[in-house]
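>>> no sequence on hand, only this structure:
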């Protein structure tokens, strides 16, 4: 199922709207391989100028991720609304900064 999850989510990077909010409210447990895959997928999204936010984690899943030091690597919010806000802010940031961060201005002679 972990490989299937990756294939399904990474497919969104080919769409015009690349951002994904993954709602995990119905997930009561998670295997380490799936958690590591989610971290990898999130990194892939950010490398491709897209947002990937996870929301509505159940307490056992959140505790598992925290115990395995993966929670701090993920962009997680308590609610779908907050996840949507994060996506909008990141879109705005990408728009303002462009694909590459601005170069520093040269110093005057």
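Done, it's in. Everything quoted here is computed from the prediction, not taken from an experiment.

>>> the closest residue to residue 65 other than its chain neighbours and residue 93: what is the separation?
Nearest in space to residue 65, with sequence neighbours left out and distances taken as Cβ to Cβ, 6 or more residues apart in numbering, is residue 71 at 3.9 Å. Where C-beta positions appear, they are placed from N, C-alpha and C, glycine not excepted. The gap separating residue 71 from residue 93 is 23 Å, by Cβ to Cβ, to the nearest Å.

>>> again with residue 34
Computed as Cβ to Cβ, the residue 34 to residue 93 distance reads 29 Å.

>>> for this protein, longest helix please?
helix 80-97 (DSSP state H).

>>> identify each buried residue in the helix or strand hosting residue 22, please.
Under DSSP states H and E, the secondary-structure element containing residue 22 is strand 20-23. Taking 16 or more other Cβ atoms under 10 Å as the basis for neighbour counts, the residues of strand 20-23 that come out buried are 20-22.

>>> now the longest helix of the chain: buried residues?
Applying a neighbour-count criterion of 16+ other Cβ under 10 Å, one finds 83-84, 86-87, 90-91 buried in helix 80-97.

>>> any idea which of those is closest to residue 16?
Proximity of the buried residues of helix 80-97 to residue 16 (Cβ to Cβ) peaks at residue 91, which lies at 12.6 Å.

>>> show me what the most centrally placed residue in the chain is bridged to.
Per Cα atoms, centre = their mean, the C-alpha nearest to the average position across the chain is that of residue 52, at 2.6 Å. The residues listed as beta-bridge partners of residue 52 by DSSP bridges are residue 20.
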